[in-house]
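**Student:** mind looking at a prediction? Sequence and model below.
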Amino acid sequence: MEQADTKKIKILFLFVVVLIGFIIFLGTLFYWATIDRRLPKLEHSEVNYALRGNIISSDGFKIATSQKLYKAIVDTRNVDPQKFDLFVKLYSLYSGDDPKAVAATLNANSGTTVLSYKIDSKSAKYLQELSRKLYKLGVFKSFEDPKTGVAFLHGLSVIESGEYRLYPSGDSVTPIVGYVKKIEQKNITKSTGVKGIERFYEDKLSSVQDSLIIGSRDISNAIILDGNSISSRRFDGYDVHLTLSLKMQKMIESVLDKYQKNLDAKEIIAGVMNSETGEFITLASSNRFNPDTIDKKDYGALNISAIEYIYEPGSVMKPITFSLLFKANKINPYDMYNIYGGSYKLGTKVIKDEHRGDKLSVEDIIVYSSNIGTAQAAQKLDAIEFYQGLKDFGFSVRSGVDLPFENPGIIPALNRFNSPIYKATVGYGYGMNATFMQIIKAYNAFNNNGRLLTPSIVKKLVSSTGQELFPEKNPEVQVIPVAVAKRIQKILIKVVQQGTGSGTKMSGLEIGGKTGTAHIAEDGEYVRIYNGSFFGFVNDKKNKYTVGVLVREAKKRQAYFAAQSAVPVFKEIIEKLVDNGYLTPSSDIQNTSQEIKQ
């Protein structure tokens, strides 16, 4: 019995030993199967990341573009110590980096090390070529991992780290073009729009599809392209083609900069719109910033004042009020109004005029900008006619221009138009708020046979394959009859020939417009701060343009009046349009203007 038990114990011990050995064997297999042994892969893949689309001016200049950024990576353990200095010198020569900084980075790190994150495409190409040369020169040597006992050879790698948004035109076309912020997607730096065109067309500008190449690799980690390799095509974001001319934009910006300094103004805004299409040739501001280097001092210029800043427009509203009166057949151009020597009491409110005469015709109320005449005529509109008429012209409604964060402005509620005082004050541009964009859109109807157009900044979008998309446009609206538009147009020409806009006269062109000098309210009271504006049109025999100028808070003594601030800017813009072939003066048009004057 004892002998049998001893035999069983030996068999059991042998079984346990074999079992433990088998478990150790399985554990070793699992370890070697799962550990990162850094074996060289026979297959290699490369991703070619798609880029954000460009923003391009109508004259073919890139306003915004993206370039690829690369990072250079090296495993310090693979650099032959005997050829360390050679590597540092060659890398620095090709990359432009400081040799001392490169050497310090390599000495301070062991293993995979990033030498640079911001390498442009041109430098990346040179460094990739350098990598192949370094392999041939034996700068890199195999290194055996003490943990795994496996040798590997990883030299210099140059891979994409993301994209960088560039604005070659500096601060030009800002704030319209907008700016971007950086975001991280799958360890790649991308850009997303924050303001302006960059934001409004974010879904089209953003990249569509990255390309992927998979294939066998050679000794320098380059993919061998053959029949067995796999690739997918890269699709960049759409290019956005603007209606704005960079050449004209820069010229107008220069004009605005000059007058902002001379007038000591907070900001000057100007726009030139094709009256028959609604497309802007230029939409400029004196307050701009460089999207490449936005600083704290630029914060005030980041907003697009043309669509975000609301203000009481003042007398530029008078032609709109009278067009509603003409449309409703409540007046005719030759009706006479008593202006009481320049002072008129309406209820508890005293209305003042600069013009001190006794009587003015409807035409001359506009020509000489009479608040008293406008206040009396506005009473003929009932509440619904006035309220709905302003909404039809686009007030308290977004203009639809292809820019983000547009302010709709404010007009009084319908019931407020039952008040004679509200009718009067809104009639000459107070008691309401509008944007520059709303006013230039409304004035465009006078130069476009009474049809209201949606303003636009973008002409088309073009994909990387050449497919063209055109922004959807709202249908034209006949806001006033053709005859009414022609009547107001003639009166606005008379304003330039005889009235407050005489500083814009130019021989051989049909020019009309209206000045507006509006008090600014602070804490519920009007102070001696003004906005001066001039909105109108300029036509030759073939071309028709609507032009607007807003001078915000000019501080130079007496320069706050629109005739001394906005009118000279308007005149110089017309001169630039003539100089650059947008307008051609003609003696025939001069004769037409003279007939209107008479």
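**Tutor:** Cool, got the structure. Residues are numbered from 1 along each chain as shown.
**Student:** which residues of the stretch 1-150 of the chain fall in strands?
**Tutor:** Per DSSP state E, counting those that start in this stretch, the stretch 1-150 of the chain carries strands over the ranges 43-48, 55-56, 62-75, 112-119, 143-144.
**Student:** as TSV, those with mean pLDDT, mean neighbour count and distance to Thr584 would be great.
**Tutor:** Using the backbone N, CA and C atoms, a C-beta is placed for each residue, glycine as well. Formatted as TSV, these follow (pLDDT from 0 to 100; neighbours: other CB atoms under 10 Å; distance: least, CB to CB, whole Å):
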stretch	mean pLDDT	mean neighbour count	distance to Thr584
strand 43-48	61	15	49
strand 55-56	97	24	27
strand 62-75	89	20	28
strand 112-119	82	17	49
strand 143-144	76	14	75
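**Student:** between these, which gets nearest to Asp358?
**Tutor:** strand 62-75 (55.3 Å; CB to CB).
**Student:** so for stretch 267-276, mean pLDDT?
**Tutor:** Averaging pLDDT along stretch 267-276 gives 98.
**Student:** around Pro481, how many other residues sit close by?
**Tutor:** 14 (other CB atoms under 10 Å).
**Student:** got the contact list for it?
**Tutor:** Contact analysis of Pro481 by CB atoms under 8 Å, 6 or more residues apart in numbering lists Lys327, Gly450.
**Student:** and it, what pLDDT?
**Tutor:** For Pro481, the model assigns a pLDDT of 97.
**Student:** from Ala124, how far out is it?
**Tutor:** Using CB to CB, to the nearest Å, Pro481 is found at 64 Å from Ala124.
**Student:** the strands of the stretch 1-150 of the chain: which one's closest to Ser157?
**Tutor:** strand 62-75 (4.6 Å).
**Student:** ok now do Lys327, which residues does it touch?
**Tutor:** Here Lys327 is in contact with Gly389, Ile480, Pro481, Val484 (CB under 8 Å, 6+ apart).
**Student:** so how far is Thr174 from it?
**Tutor:** 39 Å.
**Student:** again with Asn54
**Tutor:** 16 Å.
**Student:** more neighbours, the two?
**Tutor:** More crowded of Asn54 and Thr174, by other CB under 10 Å: Thr174, with 27 against 19.
**Student:** phi, psi for that one please.
**Tutor:** phi -100, psi 150 (degrees, to the nearest 10).
**Student:** make 364 the starting number, not 1.
**Tutor:** Sounds good: first residue 364 from here, last item Thr537.
**Student:** quick one: contacts for the closest residue to it other than its chain neighbours?
**Tutor:** Closest residue in space to Thr537, ignoring its immediate chain neighbours: Arg651 at 4.5 Å, by CB to CB, 6 or more residues apart in numbering. Listed by CB under 8 Å, 6+ apart, the contact set of Arg651 reads Asp534, Ser535, Thr537, Pro538, Glu616, Ala664.
**Student:** what sits closest to the first one if chain neighbours are left out?
**Tutor:** So the one you mean is Asp534. Arg651 is the one closest to Asp534 (CB to CB, 6+ apart), at 4.1 Å.
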